[in-house]
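**Q** just need the structure, nothing else, for what follows:
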Amino acid sequence: MGSMEKEVLKETLSLYPKTNSVYSVLVTKSAVSLTPLNGKGLSNSSSRANRRSSVTSNSPVLDLKDIVGCECMKGKTSDDKKAYLTIYAYPHSKKFGSKKTLRNRQTMTLTFAKHENYMENSQQAAMWKTVLNFLVRNQELESLDLPEGLSFSLNNSNKHH
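**A** Okay, the predicted model is just below:
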């Protein structure tokens, strides 16, 4: 991902389940990247299954060409005000001792908790999902119609509906 690339979405979020680690999450037309804000950063999980399936310190960037989709989710309890967006990707990784590459599933679950109520957090997660789906499918963002009050930046201008 080039440093000159325009940002489409940018927000301070945490990753589920480690909601005490905060990241600047940046979406461009080619990738989703994470930058740790509180020094904790992405760490390798001790769980073998989690190492295989979630984003680790070796993969703080997901290329849009590797993303296959995303889904919004609600917390397990009715009093959970957070909304969650899980991004599914199958990036290429080199097979050890071979020139062949493999694709292993990776997931990144972003936690939206900026607002005091679930509905606003959910709307923000849904907007991210919509924008990511447009980017993944190479659709023009100019044709994206967002609900009232939601916006994203494109070519240094804000789009408001």
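
**Q** which SS class is the residue of the chain most remote from its centre?
**A** Among residues of the chain, the one most distant from the C-alpha centroid is G97; the distance is 31.1 Å, by CA atoms, centre = their mean. Under DSSP: H, G, I helix; E, B strand; the rest coil, the three-state class of G97 is coil.

**Q** any idea how far it lies from R103?
**A** As judged by CB to CB, to the nearest Å, G97 and R103 stand 18 Å apart. In short, each C-beta sits where N, CA and C put it, glycine included.

**Q** repeat for L34
**A** As judged by CB to CB, L34 and R103 stand 21 Å apart.

**Q** quick one: contacts for A126?
**A** Going by CB atoms under 8 Å, 6 or more residues apart in numbering, A126 touches C72, A83.

**Q** that one in helix, strand or coil?
**A** Under three-state DSSP, A126 comes out as helix.

**Q** start the count at 13 instead of 1 going forward.
**A** Yep, numbering from 13; the last one is A138 now.

**Q** state the pLDDT value of it.
**A** Here, the pLDDT recorded for A138 equals 94.

**Q** can you pull the phi/psi pair for K93?
**A** phi -90, psi -10 (degrees, to the nearest 10).

**Q** ok, the closest residue to it other than its chain neighbours - contacts?
**A** Excluding the flanking residues, the one nearest K93 by CB to CB, 6 or more residues apart in numbering is Y130, at 5.0 Å. Applying CB under 8 Å, 6+ apart, one finds that Y130 lies in contact with K86, G87, D92, K93, K94, A95.

**Q** next: M85.
**A** Taking CB under 8 Å, 6+ apart, one finds A95, Y96, L97, T98, T121 in contact with M85.
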